[in-house]
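[1] Structural data only, the sequence is not supplied:
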């Protein structure tokens, strides 16, 4: 089936989409293994679901920015190819579920027509760049970081240095020192600052969540704005070079920094500087809708007797830094919005707001540049859509991942417990919508897509054994998020309880805090003062399995007894010639290097050629059963193993000198034109060596390949 492209779709995007279609057909006809296809499609935003035969499509929206027409396009695409639902994520993406694999290329083409991409939304790449939704209108910001977040997104999209890393890489850009984009849990977190009239950023390095969360370390208190993207590139190059590639649970940058230490890591960053295509990269302002202040409308006071409108105005509306203009924040239960609601929301934006919607990191939406005289009309229009619930980003507004509804890795229901907790709070703690200090976040498993480790009160899905039976459970974490001084913290695992007792646990925590906290004491400061053991003792009775009831063995939103059924991984076992597959990958990278060379993209050609060397050397080592887990290890092991082999004409140390010559030379035409042919000659030598080996020893045994899905 041919793909219908509109003239607005770029040549690069068309090529990506046609390549996806080609690979889908090859996979479905058995010409491509599960693992080969999995690696390919994840980097194109196509992610396997818990349910067999359907995919989740992740739409990459840098810093959550989207126009009204783009929102309409996503809604239309969801109706055509998915379920008519738009799920906003904690990384400001929008996800569509239950998509047929064969439909994914045309779905992508339909989105690209509206300027929306799927490229590198999943996989071992630079993921979506998150940014403060308030950027550009934040009263606390030193300057608008939106242009910087967009420039970072554009610079690394399709950049060869980050197409096949050991693991994913996440970047955030906050609008102020309040770090509302959670830089302290990212691989790179940027905080804007101005020093001596110069714009720049504080840089946080190697934070991460998952089963073993790490707080980011401060790489520098200030780096000039034009040096921030080159610095990020150098960091990614170090991660690509030295990061773990075999043990996935150790493959994030947080472990690399922990192993090397900050000083050594930054020394290696400096070693990459020569190879950067740009040592300074100024960021030009984008054509955002920036309007003049309206001082005559500043300090607007709403006059109403409508309690819901009054609460909505108090919790969901704020005056922008542009005096007299107001922003409206939309609280969205579970982050889910129907396509009809999305189209209606787009019309509200067109009538009353700037054409600059932001998806927020807590799965809501933000509208900007609304006149105060229009706020009541906006409220009533949103209320008719169910989008005017008060309490945006308050304790009542829980962040959650989809859990067992769609995710392969989830253990228990996230959606069900979220609904139960929100209903309990609304009924028993109605004033909780005014509390901005306690954030609640829920994940379906320890991997942390719901970001439970950075919640003041967090939960993640788990299970508990009770004799011969298993019941769904929640791990309770406390003390994550921000304390009263605005310092980011990671939560402590306190106790595990049956999931049906989640509302009881939250009720106990609220009641304890109301009774015992000091006046004005932030929750994390209270938690720190009391200590983990105090809260363990408080909640321990809820973990007692002697009092379980039949209903405890049934998960939220379910009627059948619970079973610990983590979905089947995306990749079942397949039998392949691993060496041949690896050599094929090296050949594909050589094609990319030659193309970049022909287009005078010198830096890209050099890095593709470097990857040819690494992948070819890895294939050669595999023929001798030498296991490698980093690029650096591959280089070292190849030099040792093949120093005496005449076919490569290399003495020990010469391959390392060749591979790492990319760090010793500027990415010039002269170096690229010399380096790419050397990589091609090396690959040809490895292919010849492999052919000789097969001629001598016969065809290799096929090997079973299995790998857990990416998250």
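    Yep, it's here. Here the structure is a predicted model, which is why all the values come from computation and not from measurement.
[2] Does residue 44 touch residue 112 like I think?
    No - between residue 44 and residue 112 there is no contact under CB atoms under 8 Å: 11.7 Å. C-beta coordinates here come from the backbone N, C-alpha and C atoms, glycine included.
[3] Could you list the low-pLDDT ranges of this protein?
    1, 286-287, 565-577, 644, 646-652, 699-711 (pLDDT under 70).
[4] Let me see the domain layout of it.
    Residue ranges for the domains of the chain, per automatic domain parsing: 11-112, 137-275, 295-384, 399-553, 572-707.
[5] which non-adjacent residue is nearest residue 14?
    residue 5 (5.6 Å; CB to CB, 6 or more residues apart in numbering).
[6] I figured that neighbour hits residue 16, correct?
    No - contact criterion CB under 8 Å: residue 5 and residue 16 do not qualify, at 11.5 Å.
[7] Comparing those two, which residue is more hemmed in?
    residue 16 (23 against 18; other CB atoms under 10 Å).
[8] For that one, give its distance to residue 197.
    42 Å (CB to CB, to the nearest Å).
[9] follow-up on the earlier one: okay, residue 44 and residue 112: which has more neighbours?
    residue 44 (26 against 23).
[10] Torsion angles phi and psi at the more buried one?
    When quoted as degrees, to the nearest 10, the phi and psi of residue 44 stand at phi -110, psi 20.
[11] cool, residue 47 as well?
    phi -130, psi 130.
[12] Let me know whether it touches residue 58 as I believe.
    Yes - the pair residue 47 / residue 58 is scored as a contact, 6.1 Å apart, by CB under 8 Å.
[13] Find the residues that touch each one of those two.
    residue 122 (CB atoms under 8 Å, 6 or more residues apart in numbering).
[14] Now the phi/psi pair for residue 481, please.
    Dihedral angles (degrees, to the nearest 10) for residue 481: phi 80, psi -150.
[15] Could you find the closest non-adjacent residue to it?
    Once flanking residues are discounted, residue 481 sits nearest to residue 456: 4.5 Å by CB to CB, 6+ apart.
[16] Just give me the neighbour total for the one you found.
    Other residues lying near residue 456 total 26 when counted by other CB under 10 Å.
[17] And what about the residue nearest to residue 14, helix, strand or coil?
    Here residue 5 is recorded as coil under DSSP: H, G, I helix; E, B strand; the rest coil.
[18] just residue 368 next, same as before
    strand.
[19] Contact partners for it?
    136-137, 289, 320, 325, 327, 353-354, 356, 358.
[20] how about 10 Å then?
    Going by CB atoms under 10 Å, 6 or more residues apart in numbering, residue 368 touches 133-134, 136-137, 288-289, 291, 320, 322, 325-329, 349, 353-358.
[21] Also residue 179?
    Residue 179 neighbours (CB under 10 Å, 6+ apart): 132, 172, 185, 189-191, 202, 204, 482, 486-488.
[22] Please, which helix or strand holds residue 313?
    According to DSSP states H and E, residue 313 maps onto helix 307-316.
[23] and after that helix, which helix or strand comes next?
    strand 317-319.
[24] Go through whatever helix or strand comes next after that next one and flag the buried ones.
    Scanning forward in sequence from strand 317-319 by DSSP H and E, the next helix or strand is strand 326-330. Under the neighbour-count criterion of 16 or more other CB atoms under 10 Å, strand 326-330 has 326-330 buried.
[25] List the neighbouring strands of the helix or strand following strand 326-330 plus their orientation.
    Of the helices and strands lying after strand 326-330 in sequence (DSSP H and E), the nearest is strand 336-338. With DSSP bridges as the test, strand 336-338 is paired with strand 85-88 (antiparallel).
[26] What are the contacting residues of the partner strand?
    Against strand 85-88 from outside (CB under 10 Å, 6+ apart): 56, 58-59, 61, 64, 71, 74-75, 77-79, 93-98, 330, 332, 334-339, 341-342, 359-365, 401-402, 405-406.
[27] which residue packs closest to residue 118, ignoring adjacent ones?
    residue 45 (3.1 Å).
[28] Now for that neighbour: which residues touch it?
    Residue 45 neighbours (CB under 10 Å, 6+ apart): 20, 55-60, 93, 95-96, 104, 107-108, 111, 117-123, 128.
[29] Just put the contacts of residue 179 in a markdown table and tack on neighbour count.
    A markdown table is the format used below for the contacts of residue 179 (neighbours: other CB atoms under 10 Å):
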| residue | neighbour count |
| --- | --- |
| 132 | 32 |
| 172 | 31 |
| 185 | 26 |
| 189 | 28 |
| 190 | 28 |
| 191 | 25 |
| 202 | 19 |
| 204 | 26 |
| 482 | 21 |
| 486 | 11 |
| 487 | 12 |
| 488 | 20 |
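[30] So which of the residues you listed is the closest to residue 227?
    Closest approach between the contacts of residue 179 and residue 227, by CB to CB: residue 190, at 12.0 Å.
[31] quick one, what contacts that closest one?
    129, 131, 145, 148-149, 152, 171-174, 179, 181, 183, 200-204, 223, 228, 231-232 are the contacts of residue 190 under CB under 10 Å, 6+ apart.
[32] Would you list the buried entries among those residues?
    129, 131, 145, 148-149, 152, 171-174, 179, 181, 183, 200-204, 223, 228, 231-232.
[33] Strands - which of the residues you listed land there?
    Members of the buried ones among the contacts of residue 190 lying in strands (criterion: DSSP state E): 131, 171-173, 200-204, 223.
[34] Next, count neighbours for residue 516.
    When neighbours are counted by other CB under 10 Å, residue 516 comes out with 12.
[35] Actually, residue 267.
    Count around residue 267 with other CB under 10 Å applied: 12.
[36] Now it: which helix or strand?
    Taking DSSP H and E as the criterion, residue 267 maps to helix 262-271.
[37] buried sites along that helix?
    Neighbour-count burial for helix 262-271, with 16+ other CB under 10 Å as criterion, is recorded at 265-266, 268-269, 271.
[38] Please render the residues you listed as JSON lines that adds distance to residue 165 to the earlier fields.
    What follows is the buried residues of helix 262-271, written out as JSON lines (distance: CB to CB, whole Å):
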{"residue": "265", "distance to residue 165": "16"}
{"residue": "266", "distance to residue 165": "19"}
{"residue": "268", "distance to residue 165": "15"}
{"residue": "269", "distance to residue 165": "16"}
{"residue": "271", "distance to residue 165": "18"}
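[39] So which of those is the closest to residue 675?
    residue 271 (17.5 Å).
[40] Let me know how buried the nearest residue to the closest one once chain neighbours are set aside is, in neighbour terms.
    Leaving aside its chain neighbours, residue 271 sits nearest to residue 663 (5.6 Å; criterion: CB to CB, 6+ apart). By the measure other CB under 10 Å, the count of residues near residue 663 is 16.
[41] List the contacts of residue 663.
    With CB under 10 Å, 6+ apart, residue 663 has these contacts: 237, 241, 268, 271-276, 610.
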